[in-house]
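Asker: Pasting the sequence and the predicted coordinates here, then a few questions.
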Amino acid sequence: MAKVINKSKIAAALVGMYVIAGSTTVAAQDVSSLQNEEAKIHTADKRSQQKIDSLFEQSQELLYEYRAVVDEYENLKVYNDHVQRLVDDQNASLASLQRQIDGIEATKQGVVPLMYNMIDALEQFVELDLPIHKERRLARVERLRDIMSDSNVTTSEQFRQITEAYQAEMDYGAGLIAYEGKLQFEGEEISVDFFHLGRAALMAESLDLKNGWIYNKENNTWEALDDAYLGALTKAIRMARKQTAPDLIKLPIYAAERAE
């Protein structure tokens, strides 16, 4: 009986051991399964964190881009406002220039007839004046008429040349001037030295210094000069050419006509 009981104990012990062993195996499997699940969860958490990090970086980049766009917009707005002010100023300048151009056109309508009158008056003056470089002066008048018909010459340039011609005429009336030329006297052409004291007197002397003439403005003719004045005329010509020092000289001058 005792042996049977012992065998039963042994069998029970063996069964218990098997049960414990089975439980241990099951437990080991559960632990392994838990570890695998934990690993999976860890991996999933890591991936989630990576996604979160990626989304954060993207959001930061978008934020930087947004700020850059805002800054660019502000800069463009400031620049556009600046350009608009420039355009407004240019438009105002153009409007002012147009008004000036309109005014110039109106002025030209009055200036052009004036210039023609000035040329006519200049020609009349040369014809009535002492014949000092008469051919040259009349040629200048003709050039002025030519430029008035030249479309390539601006109105301002035409007016400038006319005023220069008037200035040249004024210069003939100042100082002692001598120049060489040809004198027509009694049907003969004579090489002479012309001399004029402003517009007070016009004389001529032959190159051999033997004959002299004076222009009579009353009848617009040349008259023979008294031999007594030849020496003074020769000296006056030399003074005009700065070939001798200035000095007092005595020359005949026709008195101006008195108005009655």
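Answerer: Yep, it's here.
Asker: all strands of the stretch 151-260 of the chain, in order?
Answerer: Remark: strands assigned in the stretch 151-260 of the chain by DSSP state E, counting those that start in this stretch are 176-185, 188-197, 201-206, 212-216, 221-224.
Asker: is it possible to export these to a markdown table including mean neighbour count and mean pLDDT?
Answerer: In short, each C-beta sits where N, CA and C put it, glycine included. Listed next are these as a markdown table, based on neighbours: other CB atoms under 10 Å; pLDDT from 0 to 100:
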| stretch | mean neighbour count | mean pLDDT |
| --- | --- | --- |
| strand 176-185 | 15 | 92 |
| strand 188-197 | 18 | 93 |
| strand 201-206 | 21 | 94 |
| strand 212-216 | 20 | 94 |
| strand 221-224 | 13 | 93 |
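Asker: any chance of those strands in JSON lines, with distance to residue 156 too?
Answerer: Below are the strands of the stretch 151-260 of the chain laid out as JSON lines (distance: least, CB to CB, whole Å):
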{"stretch": "strand 176-185", "distance to residue 156": "31"}
{"stretch": "strand 188-197", "distance to residue 156": "33"}
{"stretch": "strand 201-206", "distance to residue 156": "35"}
{"stretch": "strand 212-216", "distance to residue 156": "38"}
{"stretch": "strand 221-224", "distance to residue 156": "42"}
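Asker: Go through these and name the closest to residue 129.
Answerer: Among these, strand 201-206 comes nearest to residue 129, with 9.6 Å by CB to CB.
Asker: Next, the angle strand 176-185 makes with the closest one.
Answerer: Calculated by axes from the mean of the first three to the mean of the last three CA atoms, to 10 degrees, strand 201-206 forms an angle of 70 degrees with strand 176-185.
Asker: and strand 201-206, which strands flank it?
Answerer: Strand 201-206 pairs in its sheet with strand 188-197 (antiparallel), strand 212-216 (antiparallel), by DSSP bridges.
Asker: now for those, which one comes closest to residue 33?
Answerer: The closest of these to residue 33 is strand 188-197. By CB to CB, the value is 136.5 Å.
Asker: tell me the mean pLDDT over the helix or strand hosting residue 76?
Answerer: Using DSSP states H and E, residue 76 sits in helix 2-128. The average pLDDT for helix 2-128 rounds to 74.
Asker: With stretch 132-150 instead?
Answerer: Stretch 132-150 comes out at a mean pLDDT of 94.
Asker: before we move on, what about stretch 227-239?
Answerer: The average pLDDT for stretch 227-239 rounds to 94.
Asker: before we move on, back to that, out of the strands of the stretch 151-260 of the chain, which comes closest to residue 130?
Answerer: The minimum distance between residue 130 and those falls on strand 201-206, with 4.5 Å, by CB to CB.
Asker: Now do that closest one: distance to the chain's middle.
Answerer: Here the centre of strand 201-206 is set off from its chain's centre by 52 Å, with CA atoms, centre = their mean, to the nearest Å.
Asker: List of residues touching it?
Answerer: When contacts are defined by CB atoms under 8 Å, 6 or more residues apart in numbering, strand 201-206 is touched by residues 130-132, 183, 190-196, 211-215, 222, 225, 230, 233-234, 236-237, 251-254.
Asker: at 7 Å instead, please
Answerer: The set of residues external to strand 201-206 that reach it, using CB atoms under 7 Å, 6 or more residues apart in numbering, is 130, 132, 183, 190, 192-196, 212-215, 225, 233-234, 237, 251, 253.
Asker: Spit out the contact partners of residue 240.
Answerer: Residues in contact with residue 240 (CB under 7 Å, 6+ apart) are 176, 177, 178, 195.
Asker: mind running it again at 8 Å?
Answerer: Applying CB under 8 Å, 6+ apart, the residues contacting residue 240 are 175, 176, 177, 178, 195.
Asker: Name all residues that make contact with the last one.
Answerer: Residues in contact with residue 195 (CB under 8 Å, 6+ apart) are 176, 177, 178, 202, 203, 204, 205, 233, 236, 237, 240.
Asker: So what sits opposite the closest residue to residue 180 other than its chain neighbours in the bridge?
Answerer: Nearest non-adjacent residue to residue 180, counting by CB to CB, 6 or more residues apart in numbering: residue 193, 5.6 Å away. Beta bridges link residue 193 to residue 180, residue 205 when assigned by DSSP bridges.
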